[in-house]
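Engineer: A structural model of the following input is requested.
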Amino acid sequence: MRKQIQPLIVWAIVFLSAVGIPGQAKQIEKKAYQERVIKALDDLKEKSYRSTTVSEKLNDRDSKPVHVSKRIFEVIPPDKTRWIIEVDEEKREIVQIGQRRFVKSNRGNWKGDNEKRLVNKTIGSEQIESESYTIDENAELNGQKVILYEKSEKFKVVGDGAKDRRENLTTRFWLTRDGVLLRTQSELENVDSKGFLRTTTDYEYDPKGLKIEAPVK
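Structural biologist: Presented below is the predicted three-dimensional model:
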């Protein structure tokens, strides 16, 4: 009996190795990760789409969110965009067509916006201590078979005048089999305070009824 079982075990191992096990990730090289992810992001430039981003701030990764914000971004190439930003009770809409930009806050009126854009300034610097890249070719998203790329980083933030801190950052990209981006997610954890920030973005292509026009003449 034992001699009959052994060939079956060997066959099962070979079969699982060939088809892959759902949810099983494997290490890949940084270059391969970057090439596939960057291409998916570059492809967005030619697409009409709506992305919905939800940012959650937590006291630690296992707690409930203490703060949630939502951001909708719509694009019609080559130069039409719309932002809808909801933070607490505040809502802000921004429409840009070419060089023309319009803004509306809460229930106010649309206004032309000619203010100069603020440039983000980097405070402190990040020293990467370790990084790794994985791919899961048998992942699922909303019942659909997808490919999941994941990047994990551990780094130290120094030089901002405050106490140095260590943070862990995990970034994920869910792509269809032919490379279309469906979802991104980043999870940032402060190692010392356990503070946790999760940001998830879902993408919808050629959404029905998508239309972006100047709200005022």
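Engineer: continuing past the lowest-mean-pLDDT helix or strand in the chain, what's the next helix or strand?
Structural biologist: Using mean pLDDT, DSSP states H and E, the weakest-scoring helix or strand in the chain turns out to be helix 2-19, at a mean of 40. Next helix or strand after helix 2-19 toward the C-terminus (DSSP states H and E): strand 26-27.
Engineer: Now find how far off-centre that next one is within its chain.
Structural biologist: Strand 26-27 sits 20 Å away from the centroid of its parent chain (CA atoms, centre = their mean, to the nearest Å).
Engineer: And stretch 55-68, by the same measure?
Structural biologist: Here the centre of stretch 55-68 is set off from its chain's centre by 17 Å, with CA atoms, centre = their mean.
Engineer: which residues touch stretch 70-88?
Structural biologist: 44-55, 69, 91-98, 207, 210-212 (CB atoms under 8 Å, 6 or more residues apart in numbering). Heads up, the C-betas are built off the backbone N, CA and C, glycines and all.
Engineer: you'd agree residue 65 is up against residue 57?
Structural biologist: Yes - using CB atoms under 8 Å, residue 65 is in contact with residue 57, at 6.3 Å.
Engineer: What's the separation between the residue positioned nearest the centre of the chain and residue 136?
Structural biologist: When CA atoms, centre = their mean is applied to the chain, the residue found nearest the centroid is residue 184 (2.5 Å). Separation of residue 184 from residue 136 (CB to CB, to the nearest Å) stands at 15 Å.
Engineer: Can you select the buried ones among the contacts of stretch 70-88 for me in ChimeraX?
Structural biologist: Buried residues among the contacts of stretch 70-88 (16 or more other CB atoms under 10 Å), as a ChimeraX selection:
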select :44,48,49,50,51,54,55,69,93,94,95,96,97,210,212
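Engineer: Double-check that residue 32 belongs to a helix.
Structural biologist: Yes - under DSSP: H, G, I helix; E, B strand; the rest coil, residue 32 sits within a helix.
Engineer: quick one, what contacts it?
Structural biologist: The contact partners of residue 32, by CB under 8 Å, 6+ apart, come to 133, 135.
Engineer: Could you tell me which strands the helix or strand encompassing residue 85 is paired with, and in which direction each runs?
Structural biologist: In this structure, residue 85 is located in strand 80-87 according to DSSP H and E. Take DSSP bridges as the rule and strand 80-87 pairs in its sheet with strand 65-76 (antiparallel), strand 90-97 (antiparallel).
Engineer: who touches the shortest one?
Structural biologist: Outside strand 90-97, the residues within contact range by CB under 8 Å, 6+ apart are 79-85, 101-106, 110, 113, 212-215.
Engineer: Give the ChimeraX command for selecting the buried subset of the residues you listed.
Structural biologist: In ChimeraX syntax, the buried subset of the contacts of strand 90-97 is picked out as below (16+ other CB under 10 Å):
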select :80,82,84,85,101,102,103,104,212,215
